[in-house]
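Q: quick one: sequence plus predicted model below, questions after.
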Amino acid sequence: MSGRKLSAQEQKIHQAALADPKKTITQKECEALIPDASSRTAALNFLLATGLLKAMKDTKGAVSFRAVMKKELDVKKDMSGEESMILSYIQAPRVLCRESSSASPLGR
């Protein structure tokens, strides 16, 4: 994490994401919080660069961001690259899909 404190816009976005039950904020919600595109982009880029936000994309291509708490960053800073990658994989949301029996190669 950077040595400087978060700006008002950065705090606004990060706190809004933390307040969400899933700890996420959508691009549209960011636009509503900070209408100025330049300020919004700078705030999002800083939060992404410091690791306080993770970018995500759903199956429809919609971009959203997941908030990372400072405590989580402290845990990861002492991990090796492999350990951090494994933790990220474990934490990643899983989408379960069920194939119809007719599409299954095993059949019924």
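A: Here it is on my side, so go on. Here the structure is a predicted model, which means the values were calculated and not measured.
Q: burial measure for Ala67, as a count.
A: 21 (other Cβ atoms under 10 Å). In short, each C-beta sits where N, CA and C put it, glycine included.
Q: show me where this protein has helices.
A: 8-19, 27-33, 37-50, 70-77, 81-91 (DSSP state H).
Q: which residues touch the longest one?
A: Residues from elsewhere that reach helix 37-50 (Cβ atoms under 8 Å, 6 or more residues apart in numbering): 1-2, 6-7, 9-10, 12-14, 30-31, 33-34, 53-55, 65, 73.
Q: centre-most residue in the protein?
A: Nearest to the mean C-alpha position of the chain, by Cα atoms, centre = their mean, lies Arg66 at 2.4 Å.
Q: who's that residue bridged to?
A: Per DSSP bridges, the residues bridged to Arg66 are Thr24, Lys54.
Q: okay, Leu96: pLDDT?
A: For Leu96, the model assigns a pLDDT of 49.
Q: gap between the residue nearest to the centre of the chain and Ile86?
A: 18 Å (Cβ to Cβ, to the nearest Å).
Q: same deal with Met56?
A: 19 Å.
Q: OK, contacts around the residue nearest to the centre of the chain?
A: Ala17, Lys22, Lys23, Thr24, Leu53, Lys54, Met56.
Q: how many neighbouring residues does the residue lying closest to the last one once chain neighbours are set aside have?
A: Closest residue in space to Met56, ignoring its immediate chain neighbours: Ser64 at 5.2 Å, by Cβ to Cβ, 6 or more residues apart in numbering. When counting by other Cβ under 10 Å, one arrives at 20 neighbours for Ser64.
Q: repeat for Leu18
A: Neighbourhood size, Leu18 [other Cβ under 10 Å]: 14.
Q: least confident secondary structure element in this protein?
A: helix 70-77 (a mean of 72; mean pLDDT, DSSP states H and E).
Q: backbone dihedrals for Thr59, both of them.
A: When read as degrees, to the nearest 10, the backbone of Thr59 gives phi -60, psi -20.
Q: now it: how far from Thr50?
A: 28 Å.
Q: who has more neighbours, the two?
A: Between Thr59 and Thr50, counting by other Cβ under 10 Å, Thr50 is the more crowded of the two (17 against 6).
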